[in-house]
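1. predicted structure and sequence below. I'll ask about it afterward.
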Amino acid sequence: MQQIISTENKPIKLWLKDMDSGAMEQARNIANLPFVHSHIAVMPDAHMGYGMPIGGVMATEGVVIPNAVGVDIGCGMCALKTSLPSLDSEQLKGIMRLIGKSVPVGFKHHKKPQGAHLMPEPEKGATLAELPIVSQEYEHALTQLGTLGGGNHFIEIQKGNDGFIWIMIHSGSRNLGYRVAVFYNTLARKMGGRFGMKIPEKLQLDFLPVDSAEGRQYLREMNFCVDFALANRKLMMERVKDALQTVAGPVRFERFINIAHNYASFETHFHKHVLVHRKGATSARKGETGIIPGSQGMPSYLVRGRGNPESFTSCSHGAGRKMGRRQARRSLDLKEEQKKLEEQGILHAVRTRRDLDEAPGAYKNIDEVIENQLDLVEVLVTLKPLAVIKG
């Protein structure tokens, strides 16, 4: 931990020395909410989001805040170790071409629905009929299953310092999660005064009581979206595995590693049963394997959680942005960013000025981010990017 701010109703514990003013204001706002338990934890990759900083962890008593989960519910990482010790440039290009044919990126979806058997089931005791937004979007979701999306989502082929090739995917719940998030955030805003407390609209922190019909319904739909995001990553991983084996021949794969970073979970912390909101933060329970990615020009890390209670057993979800998307497109030099990637021999996705929002220069230094949270995780494997597909 780098510092503690004690000027608000609840302390703010930060795992970084400097944070942009917008994110700091948001951290102060959530620290003053009356239903917050113990303190606010802010991870070293933190930056400004909607309502709550991305990289923020907040435990609440009795309420759920849709904007403290975010619009890409269940967004997360998965990784898979292969038996391959190396891939040459031509093999990598061939793999990327095949992935491009089987995994839609950006706003693209599959032309045909994917198998309904690949979709998650509602949580025990619930039916699809009790998930109104999921039911409404279900048929569309079948065409979104196994698609990457845009923004900072990626598929990477990487070389680990353990001597093996790895596959890593970052993606979420696509339009399904977005629709659920927007619906319940709007509902929470409309119902604000009915629950005995009105949150100022400008804070974007409207809530639903977890024991209300609306709160229970949001949590059911949120959990479905978390499971859908996992199913989405699993299907993409199968397509990437097919591409690898088509190009490189028979390949063995080890344990599938998955971790989400936009969700809320009932847990016990500091002797209270609370709802932990992780927005751009991942669970780091003692012994738990996690994934902290860099940008496409920096390494990623497989880590093991230390179970630090001060962070609500959480850690960062990546490097974190150091500049906004528009700022990156305005201020970064395209040729310089491309040169940095090409000097490392990375098959990258920075082709035009429009892609600069996902260039390495738009992100914090991942090594510093890792250094700032060594009390939260220990590093297991360092993964160097070889080839990258971005949305």
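-> That came in fine, so what should we check first?

2. okay but residue 225 is in contact with residue 183, surely?
-> No. Under the criterion of CB atoms under 8 Å, residue 225 makes no contact with residue 183, lying 11.5 Å away. All C-beta spots, glycine's among them, are computed from the backbone N, C-alpha and C.

3. list the buried residues in the longest strand along the chain.
-> Using DSSP state E to define each element, the chain has its longest strand at strand 377-390. For strand 377-390, burial by neighbour count (16 or more other CB atoms under 10 Å) applies to 377, 381, 382, 383, 384, 385, 386, 387, 388, 389, 390.

4. strands of the stretch 251-391 of the chain, start to end?
-> All strands of the stretch 251-391 of the chain, identified by DSSP state E, counting those that start in this stretch, fall at 257-260, 262-269, 272-279, 281-283, 289-292, 300-305, 314-316, 377-390.

5. most packed of those?
-> strand 314-316 (a mean of 31; mean count of other CB atoms under 10 Å).

6. which residues sit against it?
-> Contacts of strand 314-316 from elsewhere in the structure, counted by CB atoms under 8 Å, 6 or more residues apart in numbering, are 15, 41, 43-45, 55, 57, 276, 278, 280-284, 290, 292, 303, 305, 369, 373, 376-377.

7. what about it, average pLDDT?
-> Looking at strand 314-316 alone, the average pLDDT works out to 98.

8. can you check stretch 40-48 too?
-> Mean pLDDT, stretch 40-48: 97.

9. just stretch 365-381 next, same as before
-> Stretch 365-381 comes out at a mean pLDDT of 97.

10. pull out the buried residues from that stretch.
-> Neighbour-count burial for stretch 365-381 [16+ other CB under 10 Å]: 366, 369, 370, 372, 373, 376, 377, 381.

11. how near is the first one to residue 296?
-> What it means is residue 366. 11 Å (CB to CB, to the nearest Å).

12. with the second one instead?
-> According to CB to CB, residue 369 and residue 296 sit 16 Å apart.

13. what's the local residue count around residue 152?
-> Neighbouring residues of residue 152 were enumerated by other CB atoms under 10 Å; the total is 21.

14. what of residue 89?
-> For residue 89, the tally of surrounding residues (other CB under 10 Å) stands at 11.

15. quick one, helices of the stretch 101-250 of the chain?
-> 132-144, 174-191, 213-248 (DSSP state H, counting those that start in this stretch).

16. quick one: secondary structure of the closest residue to residue 31 other than its chain neighbours?
-> Of all residues not flanking residue 31 in the chain, residue 8 sits nearest, at 3.9 Å (CB to CB, 6 or more residues apart in numbering). Residue 8 carries the three-state label coil when classified by DSSP: H, G, I helix; E, B strand; the rest coil.

17. next, residue 8: phi, psi?
-> In terms of degrees, to the nearest 10, the main-chain angles of residue 8 are phi -100, psi 180.

18. any regions of this protein where pLDDT drops low?
-> Screening the chain residue by residue with the criterion pLDDT under 70, one finds the ranges 193.

19. and residue 225 and residue 183? Which one has more around it.
-> residue 225 (33 against 17).

20. what sits against residue 309?
-> Under the criterion of CB under 8 Å, 6+ apart, the contact list for residue 309 reads 269, 270.

21. one more time with 10 Å, if that's ok
-> Residue 309 makes contact with 38, 41, 269, 270 under the criterion CB atoms under 10 Å, 6 or more residues apart in numbering.

22. I'd guessed the third one sits against residue 312; true?
-> Yes. In terms of CB atoms under 10 Å, residue 269 counts as a neighbour of residue 312; the distance is 5.4 Å.
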